[in-house]
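>>> got a predicted structure here, sequence first:
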There are 6 protein chains.
Amino acid sequence: MAIAIYPGSFDPVHFGHLDIIERASTHYDTLIVATIRNPQKAQQLFELDEREEMIREVTAHLSNIKVEFFKGLLVDFARDHDVRAIVKSLRAVSDFDYELQMAQMNHRLSGIDTFFMPTSPQYSFLSSSLVREVARFGGDVSSMVPTVVAQRLKERFAK
Amino acid sequence: MAIAIYPGSFDPVHFGHLDIIERASTHYDTLIVATIRNPQKAQQLFELDEREEMIREVTAHLSNIKVEFFKGLLVDFARDHDVRAIVKSLRAVSDFDYELQMAQMNHRLSGIDTFFMPTSPQYSFLSSSLVREVARFGGDVSSMVPTVVAQRLKERFAK
Amino acid sequence: MAIAIYPGSFDPVHFGHLDIIERASTHYDTLIVATIRNPQKAQQLFELDEREEMIREVTAHLSNIKVEFFKGLLVDFARDHDVRAIVKSLRAVSDFDYELQMAQMNHRLSGIDTFFMPTSPQYSFLSSSLVREVARFGGDVSSMVPTVVAQRLKERFAK
Amino acid sequence: MAIAIYPGSFDPVHFGHLDIIERASTHYDTLIVATIRNPQKAQQLFELDEREEMIREVTAHLSNIKVEFFKGLLVDFARDHDVRAIVKSLRAVSDFDYELQMAQMNHRLSGIDTFFMPTSPQYSFLSSSLVREVARFGGDVSSMVPTVVAQRLKERFAK
Amino acid sequence: MAIAIYPGSFDPVHFGHLDIIERASTHYDTLIVATIRNPQKAQQLFELDEREEMIREVTAHLSNIKVEFFKGLLVDFARDHDVRAIVKSLRAVSDFDYELQMAQMNHRLSGIDTFFMPTSPQYSFLSSSLVREVARFGGDVSSMVPTVVAQRLKERFAK
Amino acid sequence: MAIAIYPGSFDPVHFGHLDIIERASTHYDTLIVATIRNPQKAQQLFELDEREEMIREVTAHLSNIKVEFFKGLLVDFARDHDVRAIVKSLRAVSDFDYELQMAQMNHRLSGIDTFFMPTSPQYSFLSSSLVREVARFGGDVSSMVPTVVAQRLKERFAK
């Protein structure tokens, strides 16, 4: 039973995330999509349960996905769930240094390896913060997020 | 009528910005210097109208410059003003990933192209945040900003 | 009459190049696609005239393209042809430092500005050397280069 | 009398900092470890005097270290203390652009040179913010910070 | 049966490679260490069979390693061997762009995913070319390569 | 007696090198400018003795410079000359990874520290290879190299 974890904020989940989830899920028996519960992060748009709901909706076609949240150290959560591998996407050089540092720290703390998957080129410019900004000003996000997410963004900013 | 836009915070405008404005303005019929109105940005030093005033003063010798502000999406503003090209400066690798992402997003949203101009070497270390920090502690900014901006910085931090 | 130049090796021209040519050509009255004649470069696959022929074929639908070659300094060629702007594509950070250095050197030598256009995401992984390598071993390059180029590659490696 | 300064937040000092202090101190008659007093920085964990105390404790075996704090511009402090060289560690590319910019700005303001020392590989993934995060959630930091610092972190987060 | 491939030149295999092989081998049923046969590469030190022999010797303690060579496209070899994942190490930003490009190209050509594992910090400065250079001039490589490799390097440069 | 070494190819020495030499020489009792003797490097323009002669001429105003050459490992040369510090310039991110790797390797081999000095902004785009290329085609290099070097370049390419 090879279990991997794909951690993130997913605020909200977009096509770049979904691409990683779909590809990574074929390499493991179970892929846990783990949403970080970070109450201090000021720019949060969706609540934790909303973010989890959206991930569940857009991954409903995949049978080996578990959606969970964690607080505290990722490696503690990972050990508690018999996770053997952390999966992260790698989009750009500016992600690289921080992610490498985290991966080396996590390996030092727990012995758990991190595997980086490159984003598919057509999603390389996508980030949740850009999606939020475009949606905030009424821009068209239909090529960036699944329909259910686009709908939620519309409702959120209609307020 | 080729119209280009050079967006930024310009808080305050410095010699690196002015260098881009002077060079870019020779390539277009009109260059709109567009100041971002971002009320949430906590570290803002000068108000929008002050920032615009300073840009007007230091570009008074250029006949084809328009100074405007925008809120919302840059590409919406650009379309409303018949802008064909977004001009950005490129100073360092750390700018690169984010700017590339924005440029690809803006092209996706609007079809408008972004052109990056490299900063002149002698201004490559300049940024508005460094200028603010040096001025805050009474350092000499005369080689970094035009005289009118240096004067305003002095007045601001004399308070 | 705004004339720009897009220099490169184009050995061979691929969809990433064509994307830049198509987009850049809408911003200038004339776009010169200038192939570098570099006899010392050992890994050259196609002769200069073959490279130029392929560019002409794949840009036949564009009315304001001139295909030329140069040897010597790019800025000398640019000045002789009344070029006001050098256009380069920017694909990845590893391109960045060298290209920035060249752009600053060229500005110092001639006053001619370089404008960098970001590659479209779907072509960000393309390079002529990768195309050559895939074609050398019989891989499918139909999503990377126009049909006429794919045909030439096939003939070349059939030998 | 060659005096150098090694500035930083040191919140808290970790093995990566100590490695730089030990190596740099052999190259200068006096090495001033200068803690930045920055009251606005929201994420501060230890007070200035606590941070200084910890540095003193972990550098007690070195005879030519002075621990001081500064506010305002680093170069003003440096000139007041007859400092001839600023020493910084260089860990990763993401540090590079900002540090290069600061170094060039500081040289412009004061003529004082900055020398970058590469972090030892085994500490390349360490940062004070990661140490704080691991300690916050009860992770084991004994391979990241000296014992006295680990003890303080434990006490701080026991509250 | 999850089969992964770890491709490289391995000229010669060093502790950084071995670290990746040991860690990656725990995540897959079989890990193929595939040596690239590249006759045109001028700086080659060891012949293909010598490079393979050394890999076999230093991985003798691992039961699920296969050592093979390939020429042509990696993805053709991978498909022929039912490989589901390509494993690469990621050491530094300068590797990143090229490796990302290759990974995206390989996914485009074959649908096979590439997973990047970060090098352990203590080996982050190691590369085969540095090992060759140190050994060439009689430097001590015992902390960089296994004993059998050190011995071969000594013999090679004794000639 | 603090002795430092500044190694390089210096083919030829340019204003960026001279800037580092002048600034570094004020921090050490003696600065050895050490030219690498690398016979295999195909693109070499000037012979070792010519490169050394030019360095001597352009540093004649500095009393604590020694010009020497080395072959083999830099750290062996450094130890033989009681060198305590290696000085390198740092110009751009693309230099960074390789130089960091070399510095960590050299420290591992010898315990000798490397200190990186940032290039002055106005010389950040300069490299010996660009200087050679501009000179080869008759471009004006007077703002890039001292007069004696410009003269030698002219003579060399007049042939």
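Yep, it's here. Residues are numbered from 1 along each chain as shown, chains lettered A, B, ... in the order given.
>>> isn't A:Ile112 right up against A:Ala85?
Yes - between A:Ile112 and A:Ala85 a contact is recorded at 7.0 Å, counting by C-beta atoms under 8 Å. C-beta coordinates here come from the backbone N, C-alpha and C atoms, glycine included.
>>> who's more crowded, these two?
A:Ala85 (22 against 18; other C-beta atoms under 10 Å in any protein chain shown).
>>> distance from the helix or strand where A:Lys88 lies to the middle of the chain?
Assigned by DSSP states H and E, A:Lys88 falls within strand A:85-90. Put simply, strand A:85-90 sits 10 Å off its chain's centre (C-alpha atoms, centre = their mean, to the nearest Å).
>>> the one helix or strand in chain A whose mean pLDDT sits lowest: which residues count as buried?
One helix or strand of chain A scores below all others by mean pLDDT, DSSP states H and E: helix A:93-110, with a mean of 86. Residues of helix A:93-110 classed as buried under the neighbour-count rule (16 or more other C-beta atoms under 10 Å in any protein chain shown) are A:93-97, A:99-110.
>>> check stretch A:137-154 too.
By 16+ other C-beta under 10 Å, the buried positions in stretch A:137-154 come out as A:139, A:141, A:144-146, A:148-150, A:152-153.
>>> so which pair among the residues you listed is furthest apart in space?
Greatest spacing in the buried residues of stretch A:137-154, by C-beta to C-beta: A:Gly139 and A:Val148 (18.0 Å).
>>> next, A:Val33: secondary structure please.
State at A:Val33, reduced to three classes by DSSP: H, G, I helix; E, B strand; the rest coil: strand.
>>> tell me what it is bridged to.
A:Tyr6, A:Val67 (DSSP bridges).
>>> per-residue pLDDT, it?
With respect to pLDDT, A:Val33 scores 98.
>>> separation between it and chain B?
Per C-beta to the nearest C-beta, to the nearest Å, A:Val33 is found 23 Å from chain B.
>>> give the contact list for that residue.
Contact analysis of A:Val33 by C-beta atoms under 8 Å, 6 or more residues apart in numbering or on different chains lists A:5-6, A:8, A:10, A:21, A:55, A:59, A:65-68.
>>> can you select the buried ones from those residues in PyMOL?
PyMOL command restricting these to the buried ones, with burial defined by 16+ other C-beta under 10 Å:
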select buried, chain A and resi 5+6+8+10+21+55+59+65+67
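>>> between the contacts of A:Val33, which is closest to F:Asp29?
Nearest to F:Asp29, judged by C-beta to C-beta, of these is A:Gly8 at 54.2 Å.
>>> not counting sequence-adjacent ones, nearest residue to A:Asp95?
Nearest residue to A:Asp95 in three dimensions, chain neighbours excluded: B:Asp97, at 7.8 Å (C-beta to C-beta, 6 or more residues apart in numbering or on different chains).
>>> from E:Asp95, how far out is that neighbour?
Distance from B:Asp97 to E:Asp95, counting by C-beta to C-beta, to the nearest Å: 16 Å.
>>> from A:Ile55, how far out is A:Ser25?
Applying C-beta to C-beta to A:Ser25 and A:Ile55 gives a distance of 12 Å.
>>> do the same with A:Ala34
For A:Ala34 relative to A:Ile55 (C-beta to C-beta), the value is 10 Å.
>>> how about A:Phe137?
25 Å.
>>> what of A:Val33?
A:Val33 is 5 Å from A:Ile55, by C-beta to C-beta.
>>> overlap of the contact sets of these two?
Going by C-beta under 8 Å, 6+ apart, residues that sit against A:Val33 and also against A:Ile55 are A:10, A:67.
>>> for the helix or strand where A:Glu52 lies, packing partners?
Here A:Glu52 is covered by helix A:48-58, with elements defined by DSSP H and E. If you count contacts as 3 or more C-beta pairs under 8 Å, 6 or more residues apart in numbering or on different chains; DSSP states H and E, helix A:48-58 packs onto strand A:30-36, strand A:65-70, helix A:147-158.
>>> wait, which of these is closest to A:Met117?
Between A:Met117 and those, the shortest gap by C-beta to C-beta is with strand A:30-36, which sits at 11.5 Å.
>>> next, the buried residues of the closest one.
Buried residues in strand A:30-36, counted by 16+ other C-beta under 10 Å: A:30-36.
>>> which parts of chain A sit against chain D?
Within chain A, the residues that sit near chain D (C-beta under 8 Å from any C-beta of the partner chain) are A:72-73, A:75-76, A:93-94, A:96-98, A:100-102, A:104-105, A:108-109.
>>> about what we covered before: mind checking how far the residue nearest to A:Asp95 is from chain F?
As judged by C-beta to the nearest C-beta, B:Asp97 and chain F stand 12 Å apart.
>>> hmm, that residue is touching A:Ala92, no?
Yes - the pair B:Asp97 and A:Ala92 qualifies as a contact (C-beta under 8 Å) at a distance of 4.0 Å.
>>> give the contact list for A:Ala60.
By C-beta under 8 Å, 6+ apart, A:Ala60 lies in contact with nothing.
>>> against B:Gln43, how distant is A:Glu133?
Per C-beta to C-beta, A:Glu133 is found 19 Å from B:Gln43.
>>> tell me which of the two has more neighbours.
A direct count of neighbours by other C-beta under 10 Å for A:Glu133 and B:Gln43 places A:Glu133 higher, at 15 against 10.
>>> look at the more buried one and give its secondary structure.
Relying on three-state DSSP, one would call A:Glu133 helix.
>>> spit out the contact partners of it.
Neighbour list for A:Glu133: B:Leu73 [criterion: C-beta under 8 Å, 6+ apart].
>>> show the pLDDT at it.
At A:Glu133, pLDDT is 92.
>>> what parts of chain A come near chain B?
Proximity of chain A to chain B, by C-beta under 8 Å from any C-beta, involves residues A:92-95, A:124-127, A:130, A:133-134, A:137-140, A:143.
>>> surely A:Phe157 touches A:Gly138?
Yes - A:Phe157 lies in contact with A:Gly138 (C-beta under 8 Å); the separation is 7.3 Å.
>>> gap between the nearest residue to A:Arg79 once chain neighbours are set aside and D:Glu50?
Excluding the flanking residues, the one nearest A:Arg79 by C-beta to C-beta, 6+ apart is A:Ser110, at 6.0 Å. Applying C-beta to C-beta, the value for A:Ser110 to D:Glu50 is 29 Å.
>>> kindly report the same for A:Leu109.
Using C-beta to C-beta, one gets 25 Å for the distance from A:Leu109 to D:Glu50.
>>> just to revisit the earlier point, between the least confident helix or strand of chain A and strand A:85-90, how many degrees?
Compare the direction of helix A:93-110 with that of strand A:85-90 by axes from the mean of the first three to the mean of the last three C-alpha atoms, to 10 degrees and you get 170 degrees.
>>> what's helix A:93-110 in contact with?
Here helix A:93-110 makes contact (C-beta under 8 Å, 6+ apart) with A:73-75, A:78-79, A:86, A:88, A:90, A:112-114, A:116, B:93-94, B:96-98, C:92-93, D:92-95, D:124-127, D:130, D:134, D:139-140, D:143, E:90, E:93, E:96-97, E:118, E:120-121.
>>> so what pLDDT did A:Ile20 get?
For A:Ile20, the pLDDT comes out at 97.
>>> I'd say it and A:Met117 touch.
Yes - between A:Ile20 and A:Met117 there is a contact under C-beta under 8 Å: 5.6 Å.
>>> same drill for these two, tell me which one is more crowded.
Counted by other C-beta under 10 Å, A:Ile20 and A:Met117 do not tie: A:Ile20 has more neighbours, with 25 against 22.
>>> in the sheet, who's paired with the residue nearest to that one when sequence neighbours are not counted?
Leaving aside its sequence neighbours, A:Ile20 sits nearest to A:Ser89 (C-beta to C-beta, 6+ apart; 4.7 Å). Beta-bridge partners recorded for A:Ser89 (DSSP bridges): A:Met117.
>>> quick one: A:Ser89 from chain E, how far?
Using C-beta to the nearest C-beta, A:Ser89 is found at 11 Å from chain E.
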